[in-house]
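In: Fold the following, please.
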Amino acid sequence: MTSLTLSRALNEGLRKAMENDPKVLIMGEDVGKLGGVFRVTDGLQKDFGEDRVIDTPLAESGIVGTAIGLALRGYRPVCEIQFDGFVYPAFDQIVSQLAKMPFRSLGKLRLPVTVRIPCGGGIGAVEHHSESPEVLFVHTAGLRVVACGDPADAYAMIQQSISCDDPVIFFEPKRRYWDKTEVDLAGGVAAALPLDRARTLVSGTDVTVLCYGPMVRTCVEAATAALDEGRSVEVIDLRSLAPLDTESVFASVRKTGRCVVVHEAPVTGGLGGEIAATVSQECFYHLEAPVLRVGGYSTPYPPSRIEEHYLPDLDRVLDAVDRAFSY
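Out: Residues are numbered from 1 along each chain as shown. Sure thing, here's the model as predicted:
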């Protein structure tokens, strides 16, 4: 086991994927010589060359469009979108081509493209650098959408995504890039959960808390704090947002009878609403309270000075847990 930050774990996962398959390419703005804004691709161009780690122009639509062409020629491109708010110029390519071409060809054409997107806030960034656009891609049929929550998952999930024959939108919680945990570099993917499975991080009996990405650490801390109040909170990291591991979610909610969905994105129109509706429909007779949601507010992301008031925190999660017991 090796202690790694999340950004370093991603770097090691990318390196492993490139070593295992010469058809894996990395492309994006400043991914080569600079090693990426968050240094996730640091050292890869030096070791694998400019033909496999490619510095692109500032043109997200061009990056993804080129990756689609490369995938049609047998490559496995990994695109880095430098910040979440920069993905929108590439949205047309992702939705109109990447998601639909395999279906349009009756499965004869495969597009094994991984689009890495640093997501969420908490780093004091300026406008367009702290978005949470995951629900847009979850809504788009034909895409797998995943979010890593810790370094161990980051290491395994990036390799699983690259080896997957489907297009994958890979969300990385940027304010967790410097969180450090133990990572099994030897066992890695072989010992990892399948890409589409959720993980129970904390077992509990009173209420299920569903989360992903940047909220995973917050919810685990909330579960620990809730023990002081006599609440037994089960925390599930969804990991895969599309498809959703409903089997694991339903089993937990039927056990606890209560459910709180937590994400950093605004509550209005967010993924939490879809999850809440699905849980209510399938677990109705097991629920002791309505499914509650915790998320960002329905405003554009605020200036960095006040982002701590916008982001869901431990207190807001605990407040939702308490409200789930008030019915």
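In: Find the centremost residue of the protein, please.
Out: Ala147 (1.5 Å; C-alpha atoms, centre = their mean).
In: Please report phi then psi for that residue.
Out: Main-chain torsions, Ala147, degrees, to the nearest 10: phi -140, psi 120.
In: my guess is it meets Ile169, correct?
Out: No: look at Ala147 against Ile169 with C-beta atoms under 8 Å: they stay out of range, at 9.2 Å. For the C-beta atoms, the positions are set from N, CA and C on the backbone; glycine is no exception.
In: what sits in contact with each of the two?
Out: Here Ala147 and Ile169 have Glu134 as joint contacts, going by C-beta atoms under 8 Å, 6 or more residues apart in numbering.
In: quick one: the strands in the stretch 101-250 of the chain?
Out: 114-119, 144-147, 168-173, 180-183, 199-202, 207-211, 233-237, 240-242 (DSSP state E, counting those that start in this stretch).
In: Now tell me what touches the fifth one from outside.
Out: The reference is to strand 199-202. Here strand 199-202 has contacts from 153, 193, 216, 219-220, 223-224, 233-237, 239, 248, 252, using C-beta under 8 Å, 6+ apart.
In: go on, the second one?
Out: When contacts are defined by C-beta under 8 Å, 6+ apart, strand 144-147 is touched by residues 119, 134, 137-138, 157, 161, 164, 166-173, 195-196, 212-213, 238-243.
In: The closest residue to Arg52 other than its chain neighbours - how many residues pack around it?
Out: Nearest non-adjacent residue to Arg52, counting by C-beta to C-beta, 6 or more residues apart in numbering: Leu25, 5.3 Å away. Leu25 is flanked by 21 other residues according to other C-beta atoms under 10 Å.
In: So Leu25, which state does it fall into?
Out: strand (DSSP: H, G, I helix; E, B strand; the rest coil).
In: mind listing what it touches?
Out: Arg52, Val53, Ile54, Leu70, Tyr75, Arg76, Pro77, Val78.
In: picking that back up, mark which of the contacts of strand 144-147 are buried, thanks.
Out: Buried members of the contacts of strand 144-147, counted by 16 or more other C-beta atoms under 10 Å: 119, 134, 137-138, 157, 161, 164, 166-173, 195-196, 212-213, 238-242.
In: now the closest residue to Leu136 other than its chain neighbours: how far from Ile81?
Out: Spatially, and ignoring its direct neighbours in sequence, Leu136 is nearest to Phe91 (7.3 Å; C-beta to C-beta, 6+ apart). As judged by C-beta to C-beta, to the nearest Å, Phe91 and Ile81 stand 10 Å apart.
In: Name the residue in those two with the higher neighbour count.
Out: More crowded of Phe91 and Ile81, by other C-beta under 10 Å: Ile81, with 24 against 16.
In: residue contacts, that one?
Out: Ile81 neighbours (C-beta under 8 Å, 6+ apart): Gly28, Glu60, Ile63, Val87, Ala90, Val115, Arg116, Ile117, Pro118.
In: Can I get those residues in JSON lines including distance to Leu318?
Out: Compiled in JSON lines, the contacts of Ile81 are given as follows (distance: C-beta to C-beta, whole Å):
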{"residue": "Gly28", "distance to Leu318": "38"}
{"residue": "Glu60", "distance to Leu318": "38"}
{"residue": "Ile63", "distance to Leu318": "41"}
{"residue": "Val87", "distance to Leu318": "32"}
{"residue": "Ala90", "distance to Leu318": "38"}
{"residue": "Val115", "distance to Leu318": "34"}
{"residue": "Arg116", "distance to Leu318": "32"}
{"residue": "Ile117", "distance to Leu318": "29"}
{"residue": "Pro118", "distance to Leu318": "28"}
